[in-house]
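Peer 1: have a look at this prediction, sequence included:
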Amino acid sequence: MVGLWVGLLNTDLQNTIVRKIFFEYPPTLNLDDIVKDIFLKIPLGNETYIVNVTAGGSIKMIVQSYGIWEFASAIVFSYAFPGIIFYRKVSGIIFKNVADWTETMV
């Protein structure tokens, strides 16, 4: 039964192309500026990119461009900060969404 669920969940991912990219930035650059720069460097298209970033610490991003420069989205996560940050670029304007995360040691 679990295999059936996985098959159903992954149906929309069958034609997804995932590419890995690496960028290095100085540790003095803030995350917002890094994301803005990556949105400019990601090739246009419908591919999904796994982006590895070093900027003092290691940051991972899942970035999607949508075929034109005005639209993109990114999910950003790292051991360096709690939670997940979501960025989206709509009509050239970048928005940042941050959830309140309650952290508990386990």
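Peer 2: That came through fine. Residues are numbered from 1 along each chain as shown.
Peer 1: three-state assignment of N46?
Peer 2: coil (DSSP: H, G, I helix; E, B strand; the rest coil).
Peer 1: equivalent analysis for the one 5 residues further on, please.
Peer 2: The local conformation at V51, judged by three-state DSSP, is strand.
Peer 1: give the contact list for it.
Peer 2: 20-23, 38, 42, 60-63, 74 (Cβ atoms under 8 Å, 6 or more residues apart in numbering). Quick note: C-beta positions are derived from backbone N, CA and C, even for glycine.
Peer 1: what does the helix ranked longest in the chain contact?
Peer 2: In the chain, with assignment by DSSP state H, the single longest helix is helix 31-41. For helix 31-41, the external contacting residues (Cβ under 8 Å, 6+ apart) are 23, 25, 51, 53, 55, 59, 61, 63, 65, 69, 72, 74, 76, 85, 87, 89, 94, 96.
Peer 1: tell me the spatial nearest neighbour of the first one, not counting adjacent residues.
Peer 2: Spatial nearest neighbour of F23, chain neighbours left out: V53 (5.1 Å); criterion: Cβ to Cβ, 6 or more residues apart in numbering.
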